[in-house]
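J.: no sequence for this one, just the structure:
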C-alpha cells in the first residue's frame, strides 16, 4: 500500500479524528471489468463505513 495518506476534513472546529484504511484501487490489476468490479467494492466499503460510523440521514 502507498505511504500517501488522504484526509477528509468535514469541519475545522470542535472536530475529532477518525481513521480507517481501505484497499488502494489504483493497485488493482486484471481485465477492465475486474478492475471496475474492484473499484466498486472499495466504493461500497467506503460507503458502508460512512453509514456505520456516522449514520444515515433519512
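T.: Thanks, I have the structure now. Every value quoted in this text rests on a predicted model; they were computed, and no experiment measured them.
J.: Now for residue 22: which residues touch it?
T.: The neighbourhood of residue 22, defined by C-beta atoms under 8 Å, 6 or more residues apart in numbering, consists of 42, 45, 46, 49. C-beta here means a position set from N, CA and C on the backbone, and glycine is covered the same way.
J.: I'd like those laid out as a markdown table, including pLDDT and distance to residue 29.
T.: Formatted as a markdown table, these follow (pLDDT from 0 to 100; distance: C-beta to C-beta, whole Å):
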| residue | pLDDT | distance to residue 29 |
| --- | --- | --- |
| 42 | 95 | 14 |
| 45 | 95 | 19 |
| 46 | 92 | 20 |
| 49 | 91 | 24 |
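J.: give me every residue that touches the residue nearest in space to the middle of the chain.
T.: Most central in the chain under C-alpha atoms, centre = their mean is residue 46, positioned 3.7 Å from the mean C-alpha point. Contacts for residue 46 (C-beta under 8 Å, 6+ apart) come out as residue 22.
J.: if we go to 10 Å?
T.: Taking C-beta atoms under 10 Å, 6 or more residues apart in numbering, we find residue 46 in contact with 20, 22.
J.: Against residue 21, how distant is it?
T.: 11 Å (C-beta to C-beta, to the nearest Å).
J.: pretty sure residue 23 contacts residue 42?
T.: Yes: in this structure, residue 23 is within contact of residue 42 by C-beta atoms under 10 Å, at 5.4 Å.
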